[in-house]
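*Asks:* Prediction below, plus the sequence it came from.
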Amino acid sequence: MAHTPERTCILCRSKFSKTELIRVVRLNGEFFLDETHKKDGRGAYLCSKCRESDDLLKKRALDRAFRVRVPDEIYGLLKGEHNG
Ligand SMILES: [Zn+2]
């Protein structure tokens, strides 16, 4: 039986199948939104609701997930940018 991998959203801590989540990747000290889930590097996952939540920036949830300062620009991309 095929099993869809589940990942935990870093903000609401709910579990979702990978395809429902946006992945943020840190690679060589830079951050990227990984819409295709194919980039290497350390990743953090956010559900579609939390990526637009004000709490994401208020709590600096990405900073905590990566244990480094994540540029505000990345938070802005999550909140404002939609592909498709
Ligand atoms: Zn969430």
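*Replies:* Here it is on my side, so go on. Just so we're clear, the structure is a prediction, and the values are computed from it rather than from any experiment.
*Asks:* partners of the helix or strand hosting Phe16, with directions?
*Replies:* Phe16 is part of strand 15-17, with elements assigned from DSSP states H and E. Paired neighbours of strand 15-17 in the sheet (DSSP bridges): strand 6-8 (antiparallel).
*Asks:* Please verify my assumption that Ala44 contacts Leu62.
*Replies:* Yes - in this structure Ala44 lies within contact range of Leu62 using Cβ atoms under 8 Å: 6.2 Å. Placement of C-beta: from N, CA and C, glycine included.
*Asks:* Now do the contacts for Pro5.
*Replies:* Ser17, Lys18 (Cβ atoms under 8 Å, 6 or more residues apart in numbering).
*Asks:* residues near Arg78, how many?
*Replies:* Actually, residue 78 is Leu rather than Arg. 21 (other Cβ atoms under 10 Å).
*Asks:* Surely it is in a strand?
*Replies:* No - using DSSP: H, G, I helix; E, B strand; the rest coil, the secondary structure at Leu78 is helix, not a strand.
*Asks:* Could you tell me how far it is located from the ion?
*Replies:* Counting by Cβ to the ion, to the nearest Å, the separation of Leu78 from the ion is 11 Å.
*Asks:* In this model Arg23 seems to touch that residue, though I could be wrong.
*Replies:* No - with contact defined as Cβ under 8 Å, Leu78 and Arg23 do not form a contacting pair (10.8 Å).
*Asks:* what touches both of the two?
*Replies:* Leu33.
*Asks:* about what we covered before: which neighbours do Ala44 and Leu62 share?
*Replies:* Counting by Cβ under 8 Å, 6+ apart, the contacts common to Ala44 and Leu62 are Ile10, Val24.
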